[in-house]
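> Next one to model:
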Amino acid sequence: AVTAWLLPRMGAVSVFQDGLERSSMELLFARAREGVQPLVLAPEGQVSYFSGYRGPTQRGGAALAVEMADHLSGEKEVCILTLGLHYTYPDRKNRRLNHLLNQLEYLIGAATRGGDAGSDRMEEAKSVADRAWQLADRLLSLLERDLELSGAAANDPGRAPRILTAALDRAEGRLGLSPFPRGEPIQRLFRCRRRYWELLFPPTRLPGPLGTTIADLEATAASIAVRHLQVADVLIYLDIPRLQQLINADLSVRGNHTHLAEQVILLLDLAGRAGGGTIAGRYQWPGRTVEITAGEPLAVAPRGTGTSRKAAVTAVHRQINDSLDQLCRDSGM
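Next up is the predicted model:
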């Protein structure tokens with residue numbers, strides 16, 4: 001409620017992830033022509049949970065830049081500035097990592113260290129990353145059982161993506177959406193979110209107390225589906241192969257510790273959301289710092305005669321990806 005009131009007063013404009021409304025587009029064009037404030041978009045669809053890694057990007061930012069350059073027709077230069085966020089997680093002797101793994105052990109009813117936890121106790125961990133790897137295996141097993149999937153080997157690279165697909169399938173079914181199996185996970189996630197908000201705040205409802213009751217029941221059913229959306233939101237970023245690679249890595253190297261810290265936070269977040277939590281309960285690492293780096297400015301000119309919109313958007317999208325990849329390489333992560 002606070003952000004819904006505050007953001008418009010700070011100059012923010014609502015953007016639907018599956019397209020801009022025409023009124024929003026006209027507003028953006030007017031502000032671009034008259035103002036100096038930049039338009040900030042997350043090219044991956046939302047701010048990711050990774051440092052030094054680029055996930056699949058959406059074409060919307062490139063499409064908007066091409067549209068704006070055509071609309072302004074050279075009155076103003078349209079320029080894209082890519083930004084990278086690289087985090088550091090202070091952690092003396094990995095105490096913070098072990099503290100988070102203790103919490104994760106408790107949440108999923110597992111144990112990887114000494115003591116007798118019965119038949120469920122896993123083998124002694126060789127390192128902090130190995131402990132995280134074993135707990136990730138146990139957490140994914142619980143999600144497979146929750147979604148009625150067959151169990152898979154811990155080192156199966158397709159395991160987390162299968163659970164992600166099943167969670168999205170379950171959410172779409174509960175929200176009354178037709179299956180969308182060929183869509184990118186982030187697109188399916190946004191589609192479900194939008195449907196959720198439509199059910200939660202319907203533009204019209206049946207009259208009288210019965211109409212209110214029906215609307216409340218639909219909102220309750222939609223809220224149940226949100227648990228699967230929350231799980232999917234985290235699984236998009238969980239990188240099990242990367243976690244396995246860190247088992248024998250030197251955690252005194254900044255990049256290795258950063259990647260492990262991010263994966264452990266994701267695992268703890270995943271367990272919380274599977275139990276009905278939201279991003280509001282995501283762990284905030286004390287003293288975390290961020291370094292923001294910028295790429296070279298990318299100028300977007302109005303389309304010339306004979307250049308199709310699709311070709312122009314593809315070219316700009318490729319430039320954005322190349323610039324983001326360079327930022328990742330420069331980060332040293």
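> Next, the spatially closest residue to residue 293 that is not a sequence neighbour: secondary structure please.
Using CB to CB, 6 or more residues apart in numbering and skipping residues adjacent in sequence, the residue nearest residue 293 is residue 84, 4.7 Å away. Yep, even glycine has a C-beta here, placed from its N, CA and C like the rest. Here residue 84 is strand, with the state taken from DSSP: H, G, I helix; E, B strand; the rest coil.
> and the gap between residue 330 and residue 152?
Using CB to CB, to the nearest Å, residue 330 is found at 36 Å from residue 152.
> Please identify which of those two sits among more neighbours.
Using other CB atoms under 10 Å as the criterion, residue 330 and residue 152 rank with residue 152 on top: 17 against 13.
> ok now do the more buried one, which residues does it touch?
By CB atoms under 8 Å, 6 or more residues apart in numbering, residue 152 lies in contact with 140, 144, 158-159, 162.
> buried set for stretch 97-104?
97-98, 100-101, 103-104 (16 or more other CB atoms under 10 Å).
> ugh, wrong one, stretch 168-175
By 16+ other CB under 10 Å, the buried positions in stretch 168-175 come out as 168-172, 174-175.
> ends of stretch 233-243, how far apart?
With CA to CA, to the nearest Å as the measure, stretch 233-243 spans 18 Å from end to end.
> quick one: contacts of that stretch?
48-50, 53, 55, 129, 132-133, 136, 140, 157, 159-161, 163-164, 167, 185-186, 189, 259-260, 263, 266-267, 269-270, 273, 279.
> any idea how far residue 151 lies from residue 163?
Applying CB to CB, the value for residue 151 to residue 163 is 11 Å.
> Find the residues that touch each one of those two.
Common neighbours of residue 151 and residue 163 are listed as residue 144 (criterion: CB under 8 Å, 6+ apart).
> Mind checking which of these two has more residues around it?
residue 163 (22 against 11).
> element containing the more buried one?
helix 159-174 (DSSP states H and E).
> Tell me which other helices or strands that helix touches.
helix 128-146, helix 185-200, helix 208-235 (3 or more CB pairs under 8 Å, 6 or more residues apart in numbering; DSSP states H and E).
> which parts of the helix or strand following the longest one are buried?
If I follow you right, that is helix 208-235. Reading on from helix 208-235 to the C-terminus, the next helix or strand found by DSSP H and E is helix 240-245. Neighbour counts over helix 240-245 (16+ other CB under 10 Å) mark 240, 243-244 as buried.
> Quick check: nearest residue in space to the most centrally placed residue in the chain, chain neighbours excluded?
Geometric centre of the chain, nearest residue: residue 48, 4.7 Å, by CA atoms, centre = their mean. With CB to CB, 6+ apart as the criterion, residue 48 has its nearest non-adjacent residue at 5.4 Å, and that residue is residue 55.
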